[in-house]
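**Q** structure, please.
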Amino acid sequence: MSSVMWNGDKVRLRGVEPEDWEGFRDLAQHTFDVRNADFVQPPQSEESLRAWTAERAGRPPGGEAFRLVIEALADRSFAGSVTVGESDSRAGRFKTGIEITRDHRRKGYAVEATELILTYMFAEQRYNKCEVEVYAFNDASLALFRKLGFVEEGRLRQHEFLAGGYHDVVLLGITAAEYWATHQPPSVQ
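**A** Next comes the predicted model:
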């Protein structure tokens, strides 16, 4: 791993820039991908995407909820985004989510980007637990989080309505202690 907290061997996490609107448009191109990450909405105009991205680019960094762009180090291309949200500093937990563009999948980018976020939130922000919610039909995301050491904590049955039917949501979590058992904490030097 790099000595820069936001850089891994394959990706770097960075703030959203106004020109990233095209990358976010690409993430929304395929109904199957959108459904795996969220729910399908009507098409958004390029102007609306530009405004949405510019507004996020103007936000101050950090806070209770934030989004970072995943950039492939090999060619500095937009590879996806990672979010932190629904954080509860009193209870010490937060949620995260990740989206990777189709042409950047199966390259280890999602694993590395998630590890960078977990390291930051556990080592710098003193959170104790990360939670994710994954649709039960999203085998790739379930495999990703299980590979990272997340444990299934429950299932919300017939919780979301998508593609003409109700679907389960799988709840997974990892504690800081579980994460540090398999990952090297950052150095102070």
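**Q** quickly find the element holding the residue nearest the centre of the chain.
**A** Nearest to the geometric centre of the chain sits I98, at 2.4 Å (Cα atoms, centre = their mean). Following DSSP states H and E, one finds I98 within strand 93-100.
**Q** what's the distance between that strand and the middle of its chain?
**A** Remark: strand 93-100 is offset 4 Å from the chain centroid, using Cα atoms, centre = their mean, to the nearest Å.
**Q** same check on stretch 107-127?
**A** Remark: stretch 107-127 is offset 9 Å from the chain centroid, using Cα atoms, centre = their mean.
**Q** export that stretch to PDB, keeping only CA atoms.
**A** Extracted in PDB, the C-alpha atoms of stretch 107-127 (Å, rounded to 0.1, in the frame of the first residue of the first chain):
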ATOM      1  CA  LYS A 107      -9.600  -5.800 -11.300                       C
ATOM      2  CA  GLY A 108      -9.600  -5.600  -7.500                       C
ATOM      3  CA  TYR A 109     -10.700  -2.000  -7.400                       C
ATOM      4  CA  ALA A 110     -13.800  -2.500  -5.300                       C
ATOM      5  CA  VAL A 111     -11.800  -4.400  -2.700                       C
ATOM      6  CA  GLU A 112      -9.100  -1.800  -2.500                       C
ATOM      7  CA  ALA A 113     -11.400   1.200  -2.400                       C
ATOM      8  CA  THR A 114     -13.500  -0.400   0.400                       C
ATOM      9  CA  GLU A 115     -10.300  -1.200   2.300                       C
ATOM     10  CA  LEU A 116      -9.200   2.400   2.000                       C
ATOM     11  CA  ILE A 117     -12.600   3.700   3.400                       C
ATOM     12  CA  LEU A 118     -12.600   1.100   6.200                       C
ATOM     13  CA  THR A 119      -9.000   2.100   7.200                       C
ATOM     14  CA  TYR A 120      -9.900   5.800   7.200                       C
ATOM     15  CA  MET A 121     -13.200   5.300   9.200                       C
ATOM     16  CA  PHE A 122     -11.700   2.900  11.700                       C
ATOM     17  CA  ALA A 123      -8.200   4.400  12.200                       C
ATOM     18  CA  GLU A 124      -8.900   8.100  11.800                       C
ATOM     19  CA  GLN A 125     -12.600   8.600  12.700                       C
ATOM     20  CA  ARG A 126     -12.800   6.200  15.600                       C
ATOM     21  CA  TYR A 127     -15.800   4.300  14.200                       C
END
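**Q** nothing else from me, thank you.
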